[in-house]
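A.B. asks: only geometry, no sequence info:
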């Protein structure tokens, strides 16, 4: 089997999903997601101008060799645009391989390690009361885990809290918005939110919270410590993780489980966090993390150090990425 052609599609009502379709001489095609909202056209160009010409005539079954060729063959490596483009190719090749062998891709990744994939819903509101009401709605739908976000008193807007009834979007259309911010107001408010949620729903519900990289390590340590009575499932993106060593300070001061990684794109973004056991959950996505081939290796590294995965699954990932993520998630044991 040989690759004969590949096309890039940029389209979606209200979102700019980027989809790659790879064709073969046996009539089997594969789909890959290349969505990087806010930079989607850069990825589309990277695929059309740089990667697709490299694929014509190659064997689509050689997923490892193709991945290494696309990653190592170029002088400029890594970065979200490059790794998202490589991920799209990788996803499409695994899709072709599964179809050619007539088996789910998770069987090619080692088979099922669990019977299902654990997910959580986003409950957010303008204030504590509205957030508690949103948590109740998700609980009624059967969610076992819910992420709670609330507007902050005295702040006109808060990233991650929707202004209408649309689900939370991590990448907004148009130019990046500018917000006023107060770390002190935030640090005082969040424990009150989770106190209210626990009083209403008890201890059995798994609760999560996303800081969206806003704090310094010592501030994150303070927040994690103040949230310990409410035993969160995880506290996400407490600080910007470009400086992985920053998590050392947080780890010293709190037992609240820590999660990070949705903006990571290679194993090199994670190696200190994982090898020093500074986090509990790695949030890398199959689309922004270089595809199934790369993420499988990262999960294996994390397993050695007792780090679990919690793949980012926001609504700016296309259904193609979600399908690939499900095959990945159900196949790994951590």
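C.D. replies: Received it, and whenever you're ready, just let me know what you need. Because the structure is predicted, anything quoted here is derived from the model rather than measured. Numbering: from 1, shown residues only.
A.B. asks: Quick one: end-to-end length of stretch 224-233, please.
C.D. replies: End-to-end distance for stretch 224-233: 12 Å, by C-alpha to C-alpha, to the nearest Å.
A.B. asks: ditto for stretch 137-157
C.D. replies: End-to-end distance of stretch 137-157 (C-alpha to C-alpha): 23 Å.
A.B. asks: Mind checking the pLDDT average for it?
C.D. replies: For stretch 137-157, the mean pLDDT works out to 93.
A.B. asks: Just give me the neighbour total for residue 334.
C.D. replies: When neighbours are counted by other C-beta atoms under 10 Å, residue 334 registers 15. C-beta: built from backbone N, CA, C; applies to glycine.
A.B. asks: what's the answer for residue 103, then?
C.D. replies: Residue 103 has 12 nearby residues by other C-beta under 10 Å.
A.B. asks: Now it, what are its backbone angles?
C.D. replies: Backbone geometry at residue 103, expressed as degrees, to the nearest 10, gives phi -150, psi 150.
A.B. asks: what pLDDT does it get?
C.D. replies: For residue 103, pLDDT reads 98.
A.B. asks: cool, and residue 35?
C.D. replies: pLDDT recorded at residue 35 is 94.
A.B. asks: Contact partners for it?
C.D. replies: Residue 35 sits next to 15, 16, 17, 18, 43, 84, 287, 316, 317, 318, 321 when contact means C-beta atoms under 8 Å, 6 or more residues apart in numbering.
A.B. asks: what's the spacing between it and residue 128?
C.D. replies: 33 Å (C-beta to C-beta, to the nearest Å).
A.B. asks: Tell me the most packed of the contacts of residue 35, by neighbour count.
C.D. replies: Ranked by neighbour count (other C-beta under 10 Å), the contacts of residue 35 have residue 287 at the top, with 32 neighbours.
A.B. asks: Need phi/psi at that one.
C.D. replies: The phi/psi pair for residue 287 (degrees, to the nearest 10) is phi -90, psi -40.
A.B. asks: Find the nearest non-adjacent residue to it, please.
C.D. replies: residue 321 (4.2 Å; C-beta to C-beta, 6 or more residues apart in numbering).
A.B. asks: Residue 283 too?
C.D. replies: residue 261 (3.8 Å).
A.B. asks: Just give me the neighbour total for the one you found.
C.D. replies: Residue 261, neighbours per other C-beta under 10 Å, totals 28.
A.B. asks: ditto for residue 188
C.D. replies: 13.
A.B. asks: That one and residue 254, how far apart?
C.D. replies: Relative to residue 254, and taking C-beta to C-beta, residue 188 is found at 17 Å.
A.B. asks: The helix-or-strand element of the chain with minimal mean pLDDT: what's the following helix or strand?
C.D. replies: Every helix and strand in the chain was compared by mean pLDDT, DSSP states H and E; the lowest is strand 121-125, with a mean of 92. For strand 121-125, the following helix or strand on the C-terminal side (DSSP states H and E) is helix 128-140.
A.B. asks: Report all helices and strands that that following helix contacts.
C.D. replies: strand 121-125, strand 145-150, helix 183-201 (3 or more C-beta pairs under 8 Å, 6 or more residues apart in numbering; DSSP states H and E).
A.B. asks: Residue 249: neighbour count?
C.D. replies: 15.
A.B. asks: what's near enough to touch it?
C.D. replies: 217, 218, 221.
A.B. asks: Name every strand pairing with the least confident helix or strand of the chain and say which way it goes.
C.D. replies: Counting by DSSP bridges, the strands paired with strand 121-125 are strand 145-150 (parallel).
A.B. asks: In the chain, which helix is the longest?
C.D. replies: In the chain, taking DSSP state H as the definition, the longest helix is helix 80-101.
A.B. asks: got the buried residues for that one?
C.D. replies: 80-99 (16 or more other C-beta atoms under 10 Å).
A.B. asks: With stretch 316-332 instead?
C.D. replies: Per 16+ other C-beta under 10 Å, stretch 316-332 contains these buried residues: 316-318, 320-332.
A.B. asks: how far out from the middle of the chain is that stretch?
C.D. replies: Chain-centre distance of stretch 316-332: 10 Å, with C-alpha atoms, centre = their mean, to the nearest Å.
A.B. asks: So for it, mean pLDDT?
C.D. replies: Mean predicted lDDT for stretch 316-332 stands at 94.
A.B. asks: what residues are up against residue 327?
C.D. replies: 94, 104, 105, 106, 109, 292.
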